[in-house]
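Chemist: coords below, sequence missing:
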């Protein structure tokens, strides 16, 4: 490895790479409880050219390379699979390159966060609309594109992060630097459109989970932020999930352009209130699921008209309006105004010390989500014996269920279902049985959810391989994906192991 | 493998870090949040994840799981942290009266860093060189201060003020930094107190408060030091002890009771708490000011995030004739650290200066002509950084302790 290190040192100066054992462990984990992979080397490249050189060396030496944006993947996607390899820390590339004010297209380096980008845009009265992944305002733009991410706000109106994409600069695993969309024409002076000049090659890299190329430069469509907005929260009647699904479908049928629409399941309200996490709902007589919407408009008249349509629709379903203020229970206001919604997961995942999530984040049709949530409840009952193994050590039982269910573009929702459990290091001791049980339960839950026909977007280390292992991919789809991988990455060095694309170790 | 005695006690915090990365990258303008870690930002393009909390928590997970040991190399990373607590702030940022984040009950990053430092010291990998000197000086019976000065030198300035009594209800704890490095500010303080006709007492046998030892994690002599200091002031009849140092204030008010397990026999106040009372009771005879000057206030971490004392210094400033208080972009709980704390100034002085320069630039952006604060450590570091800055900056702003600022208005 020291020879490789010397070669890399000739590409990036020594300040930007390290093989220090502690530094490598800092990059060895993501959000989940169980997956770890310690890289041999961590590099902070400054541009596409450096990445190209690094990838060429990795090919010569047959060393895997894993790109890492903000490192917030829930399935271990931005750390090595197993130990070893090179982590590319993309956070050095976090600059705004250009704002085309005439065409409302911003071009950024892929390591920039959605928070930094939107802070910049707000000075021009603009925003990205889709405010990035659910992982807060810290997640990177490159990561959002690599995963079709949703959940940071605005995805009912603007869809996933990838919907904003105009053009990409990508370094292929063999080192070639490619630009997509309008930039495929070498005479194009600036990015202006994604489609055309042949197939949508940008689409190849959207949601690729980092296997086909390293995104280095991203051009996104941005939008003027509307001046007016309303945000309301409603307590759902019985069969809250079904009612919420009906409302979401009706919103689409009537063509009301909501910014966000979200269902918060009964279990969240019940447990959260019981544990004292949600004082805003403590006085509710019935602890049932909630539904909220946010809608933006360019005039008060437009806003009032749409709000009336939405309210009529929702109140018609025996729902109860909670009032305008956060203190009244209006969590929609907190989401839109304070933008703290990511931290709601501290309540859902971090209820007790060392508790974190093993989740299953996926897309499904609006009409399907109530059944999936019910089935996760059923799954929980069926796995009492394993849950008990963890309870016996922690005296707290893992909790299954779903976090908020947001409406995405079209007739799709995102569900963040799964269970929360504990680290194997608990109460000053290592308990291997916790880790083993967590892994067993996670696989079992994911398989159950996969069989509902859902669509995964963030797949990382664990889920990308699991889909292959259980034969969930159609043969034709997987074979094409593999053929493309072999073409662009013959040595399988980029994100080695994802989707079981291993190459020669 | 070390016993990890202290770190193990913080397992709940370490294992509850979700890796969300907000402690490194969060920008949330609506709540005044513009990034979090001053060390990470000062490292600029070399900002590997080990420089901010999430990366460090990942390292600690591996240490607790027995994958990697403590070492001197680890200590070199670990002490590059000013323990400003901004990571804790962002971690619990969405907490409000209506949405309670349970993790705020057990994630306190500064406690984790201090536990790690204690384990490093006990395992023989720390203190680092310069920190070791400070601890040695502090424990030396002829010094009892971390500056390596003679014990009596701390009290030289008192000779100018025979009105300072040896015993009394209201006693001043001078600490080490002001009497040994910023004595003019103490003279300013006496000018104010004299004008307000306030009598104070002091002990000529106070020792260093021990903050440096606690922050570095070398607490072998701390109990003796605390007990000496408490006895000294108790025996001289103190009902209220006040200090002009944010570090001493935190140590006396928070650390002493926590380490001893009982409340102190007197009240502890920061000088700004004394000053605000005097101003509100019209005890300070300010001269009439014709000119208005824009002043911005830097929240010392040991006063703000560590002790929740944000409003009183602002109230003081807002009531001084001729002063218009303007806020920096990052203020109160979101304030950017000056970079001096946690032993950074003494061991990694260039890093400390770089962080302070960032803060001074932010003060200039606020439109202020004066950057003031209420901590001698912040003043020292900001002033050192200021000295190295371009004339263009110096023409726009000055760095002045809040005590000197008030004194100049009498």
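Modeler: Arrived safely, thanks for sending. Please read all numbers here as calculations on a predicted model, not as lab measurements.

Chemist: mind listing the strands in chain B by residue range?
Modeler: Per DSSP state E, chain B carries strands over the ranges B:27-28, B:33-34, B:170-173, B:201-202, B:240-243, B:267-270, B:293-298, B:323-325, B:370-373, B:398-401.

Chemist: Same list, those strands, but as a markdown table with distance to chain A please.
Modeler: To be clear about C-beta, it is placed using only N, CA and C from the backbone, and glycine gets the same treatment. Formatted as a markdown table, the strands of chain B follow (distance: least, CB to the nearest CB, whole Å):
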| stretch | distance to chain A |
| --- | --- |
| strand B:27-28 | 3 |
| strand B:33-34 | 7 |
| strand B:170-173 | 37 |
| strand B:201-202 | 45 |
| strand B:240-243 | 35 |
| strand B:267-270 | 31 |
| strand B:293-298 | 21 |
| strand B:323-325 | 25 |
| strand B:370-373 | 24 |
| strand B:398-401 | 28 |
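
Chemist: Low-confidence stretches in the chain?
Modeler: Picked chain A for this. A:504-505 (pLDDT under 70).

Chemist: nope, chain B please
Modeler: B:1-2.

Chemist: report the longest helix in it, please.
Modeler: Criterion DSSP state H: the longest helix present in chain B is helix B:349-365.

Chemist: rewinding a little: present the strands of chain B as CSV; the columns should include mean neighbour count.
Modeler: Below are these laid out as CSV (neighbours: other CB atoms under 10 Å in any protein chain shown):
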stretch, mean neighbour count
strand B:27-28, 22
strand B:33-34, 20
strand B:170-173, 24
strand B:201-202, 20
strand B:240-243, 23
strand B:267-270, 21
strand B:293-298, 23
strand B:323-325, 18
strand B:370-373, 24
strand B:398-401, 22
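
Chemist: So which of these is nearest residue A:58?
Modeler: Ranking the strands of chain B by proximity to residue A:58 (CB to CB) places strand B:27-28 first, at 32.2 Å.

Chemist: Indicate each strand paired with the closest one and its parallel or antiparallel sense.
Modeler: According to DSSP bridges, strand B:27-28 forms sheet pairs with strand B:33-34 (antiparallel).

Chemist: Just the buried positions in the longest helix of chain B, please.
Modeler: Buried positions in helix B:349-365, judged by neighbour count with 16 or more other CB atoms under 10 Å in any protein chain shown: B:351-360, B:362-364.

Chemist: who's in contact with residue 188?
Modeler: All of this is about chain A. Residues in contact with residue A:188 (CB atoms under 8 Å, 6 or more residues apart in numbering or on different chains) are residue A:182.

Chemist: that's the wrong chain, I meant chain B
Modeler: B:401, B:403-404, B:406-408.

Chemist: domains in the chain, as residue ranges please.
Modeler: If you meant another chain, say so; for now it's chain A. Split into domains by automatic domain parsing, chain A comes to A:2-91, A:92-224, A:228-344, A:350-456.

Chemist: look at chain B instead
Modeler: B:5-126, B:130-278, B:286-407.

Chemist: What separation is there between the nearest residue to residue A:377 once chain neighbours are set aside and residue B:19?
Modeler: Spatial nearest neighbour of residue A:377, excluding adjacent residues (CB to CB, 6 or more residues apart in numbering or on different chains): residue A:400 at 7.0 Å. Using CB to CB, to the nearest Å, residue A:400 is found at 21 Å from residue B:19.

Chemist: Pick out the residue nearest the middle of chain B.
Modeler: The centroid of chain B falls nearest to residue B:302 when counting by CA atoms, centre = their mean (3.5 Å).

Chemist: rewinding a little: packing partners for the longest helix of chain B?
Modeler: In terms of contacts (3 or more CB pairs under 8 Å, 6 or more residues apart in numbering or on different chains; DSSP states H and E), helix B:349-365 is packed against helix B:38-42, strand B:293-298, helix B:344-347, strand B:370-373, helix B:376-387, helix B:391-396.

Chemist: So in that sheet, which strands flank the fourth one, and in what orientation?
Modeler: Going back to what we said before, that points to strand B:370-373. Strand pairing for strand B:370-373, determined by DSSP bridges: strand B:293-298 (parallel), strand B:398-401 (parallel).

Chemist: Figure out which of those is closest to residue A:431.
Modeler: strand B:293-298 (46.2 Å).

Chemist: Which residue does the stretch 151-300 of chain B have closest to chain A?
Modeler: Closest approach between the stretch 151-300 of chain B and chain A, counting by CB to the nearest CB: residue B:217, at 17.3 Å.

Chemist: number of nearby residues for residue A:385?
Modeler: Using other CB atoms under 10 Å in any protein chain shown, residue A:385 has 8 other residues around it.

Chemist: ok, the residue of the stretch 151-300 of chain B closest to chain A to residue B:403 distance?
Modeler: 31 Å.

Chemist: swap in residue A:351?
Modeler: Noted for residue A:351: a distance of 46 Å to residue B:403, by CB to CB.

Chemist: Show me which of those two is the more surrounded one.
Modeler: residue B:403 (27 against 17).

Chemist: wait, doesn't that one sit right on residue B:183?
Modeler: No. Applying CB atoms under 8 Å, one finds residue B:403 not in contact with residue B:183, separated by 11.9 Å.

Chemist: what touches both of these two?
Modeler: If you check residue B:403 and residue B:183 against CB under 8 Å, 6+ apart, no residue is contacted by both.

Chemist: in what helix or strand does residue A:294 lie?
Modeler: Secondary structure from DSSP states H and E places residue A:294 in strand A:290-297.
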